[in-house]
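Novice: only geometry, no sequence info:
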């Protein structure tokens with residue numbers, strides 16, 4: 001007789017092996033298994049091999065969550081980057097990952113997308129996950145939330161930014177110097193009217209790079225009116241294209257012969273507009289970018305750019321964070337790297 005609606009029982013859910021199962025199979029104590037997991041140097045090679053064989057047979061996977069509960073802290077670092085679409089920040093993250101990997105730690109990447117509310121949400125989640133520490137390229141380096149997290153016990157290191165007060169470790173680049181060497185290079189090639197292409201000077205980096213540009217002009221005996229501000233809404237390739245269209249629309253006598261872009265994405269967008277409008281680079285317009293991302297050298301006209309040590313920035317920041325987590329007497333350090341100019345085909349002598 002057929003019974004409609006009856007179902008055969010499916011396979012039983014696989015049982016997850018625990019530390020007790022490993023100990024029983026290997027014929028050792030729970031403490032010995034714990035030592036193999038956490039302090040293998042305390043266990044003889046013969047016993048360790050027995051325990052590892054039992055783990056393999058049982059398909060044992062360490063329960064990191066339980067370990068985290070006991071320790072009150074995970075083996076994870078968090079990095080809140082400012083703009084995940086910018087290769088500069090992914091290169092910085094690679095440097096963080098290098099240091100984390102050497103410390104047997106995992107890395108959690110978060111993208112604030114330059115939005116303070118999103119940044120705050122990520123910081124809250126990382127703190128709730130009890131990460132060992134947080135690295136952040138903040139929307140506002142002086143935001144109070146960075147102090148609050150540190151006071152609650154989660155170390156914070158600021159990446160590619162500096163704070164007004166030395167309350168945290170930070171790793172950054174001397175952007176005033178970077179702006180100076182970019183515009184000095186253009187002035188040396190005979191350019192006297194230079195476009196400064198970047199977002200509004202709400203960012204300390206944009207302000208510093210512009211300040212460096214003005215200093216270079218002053219050293220050459222040129223006034224601030226020789227720097228033509230073309231303010232962009234953001235720092236993307238599309239923003240660079242829009243700035244290029246505005247520059248090309250200026251009357252010829254007022255049009256700059258060179259442009260200093262505050263990052264390479266803007267410079268690449270500007271270059272695209274020049275190509276589409278049949279403006280020759282560098283004959284009609286010389287271009288200098290900033291960051292020296294890999295795409296700068298690979299552009300249709302390879303870009304002259306101010307190089308930042310992107311990967312080293314990330315590694316150094318992570319090393320400072322790990323020092324702080326390990327040493328209760330750690331003193332905050334503010335590390336500042338000096339950028340360098342990499343000259344390529346997008347600039348040459350004017351005229």
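Specialist: On my side now, so go ahead. Here the structure is a predicted model, which means the values were calculated and not measured. Numbers count the residues shown, from 1 in each chain.

Novice: which SSE is residue 218 in?
Specialist: Taking DSSP states H and E as the definition, one finds residue 218 inside helix 204-219.

Novice: So for that helix, mean pLDDT?
Specialist: Here helix 204-219 scores 95 as its mean pLDDT.

Novice: Confidence-wise, which helix or strand of this structure is lowest on average?
Specialist: helix 64-71 (a mean of 56; mean pLDDT, DSSP states H and E).

Novice: Mind giving me the packing neighbours of the helix or strand that comes right after it?
Specialist: Next helix or strand after helix 64-71 toward the C-terminus (DSSP H and E): strand 76-81. Packing partners of strand 76-81 (3 or more Cβ pairs under 8 Å, 6 or more residues apart in numbering; DSSP states H and E): helix 87-102, strand 106-111, helix 116-128, strand 133-136, helix 310-326. Where C-beta positions appear, they are placed from N, C-alpha and C, glycine not excepted.

Novice: What are the buried residues along the longest one?
Specialist: Judged by neighbour count (16 or more other Cβ atoms under 10 Å), helix 310-326 contains these buried residues: 310-322, 324-325.

Novice: helix or strand right after that helix?
Specialist: Downstream of helix 310-326, the first helix or strand assigned by DSSP H and E is strand 334-337.

Novice: what mean pLDDT would you report for that following strand?
Specialist: On average, strand 334-337 scores 97.

Novice: got the contact list for the residue nearest the centre of the chain?
Specialist: In the chain, the centroid-proximal residue (Cα atoms, centre = their mean) is residue 89; its distance is 3.2 Å. Each residue near residue 89 by Cβ atoms under 8 Å, 6 or more residues apart in numbering is listed here: 81, 82, 83, 137.

Novice: ok, and the most crowded of the residues you listed?
Specialist: In terms of neighbours by other Cβ atoms under 10 Å, the contacts of residue 89 top out with residue 81 at 27 neighbours.

Novice: Return the residues in contact with that residue.
Specialist: Residues in contact with residue 81 (Cβ under 8 Å, 6+ apart) are 89, 90, 92, 93, 109, 110, 111, 112, 137.

Novice: re earlier: ok, so of the buried residues of helix 310-326, who is nearest residue 24?
Specialist: Using Cβ to Cβ, residue 325 is the member of those that sits closest to residue 24, with 35.9 Å.

Novice: Distance check, that closest one against residue 273.
Specialist: Distance of residue 325 to residue 273, computed by Cβ to Cβ, to the nearest Å: 47 Å.

Novice: show me where the stretch 151-300 of the chain has strands.
Specialist: Ranges of strands within the stretch 151-300 of the chain are 156-159, 169-173, 194-198, 227-231, 258-261, 286-291, based on DSSP state E, counting those that start in this stretch.

Novice: Dump these into a markdown table; add distance to residue 45 as well.
Specialist: Output for those, formatted as a markdown table (distance: least, Cβ to Cβ, whole Å):
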| stretch | distance to residue 45 |
| --- | --- |
| strand 156-159 | 39 |
| strand 169-173 | 40 |
| strand 194-198 | 60 |
| strand 227-231 | 66 |
| strand 258-261 | 59 |
| strand 286-291 | 50 |
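
Novice: For residue 100, find the nearest of the ones you listed.
Specialist: Short answer: strand 156-159, nearest of those by Cβ to Cβ, at 12.5 Å.

Novice: in its sheet, what does that closest one sit against?
Specialist: For strand 156-159, the paired strands and their directions (DSSP bridges) read strand 133-136 (parallel), strand 169-173 (parallel).

Novice: And the chain, split by domain according to the record?
Specialist: 19-62, 72-173+310-336, 175-309 (automatic domain parsing).

Novice: so where's the stretch 1-150 of the chain uncertain?
Specialist: Applying pLDDT under 70 to the stretch 1-150 of the chain flags the ranges 1-14, 63-73.

Novice: same thing but at 50, please
Specialist: 1-7 (pLDDT under 50).

Novice: returning to what we had before: adding distance to residue 251 and mean neighbour count, write the strands of the stretch 151-300 of the chain out as CSV.
Specialist: Shown next, in CSV, are those (distance: least, Cβ to Cβ, whole Å; neighbours: other Cβ atoms under 10 Å):
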stretch, distance to residue 251, mean neighbour count
strand 156-159, 42, 26
strand 169-173, 36, 25
strand 194-198, 14, 26
strand 227-231, 12, 17
strand 258-261, 17, 30
strand 286-291, 19, 29
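
Novice: Let me have those in TSV, adding mean pLDDT and distance to residue 30 as columns.
Specialist: Shown next, in TSV, are the strands of the stretch 151-300 of the chain (pLDDT from 0 to 100; distance: least, Cβ to Cβ, whole Å):
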stretch	mean pLDDT	distance to residue 30
strand 156-159	97	37
strand 169-173	96	40
strand 194-198	97	60
strand 227-231	96	65
strand 258-261	98	61
strand 286-291	98	52
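
Novice: Can you say which of these is nearest to residue 55?
Specialist: Once Cβ to Cβ is applied to the strands of the stretch 151-300 of the chain, the stretch that comes out nearest is strand 156-159, at 35.7 Å.

Novice: So which residues make contact with the closest one?
Specialist: Outside strand 156-159, the residues touching it (Cβ under 8 Å, 6+ apart) are 79, 92, 96, 133-138, 141, 146, 149-150, 168-172, 313-314, 317-318, 320-321, 324.

Novice: Kind regards, and thank you for your time.
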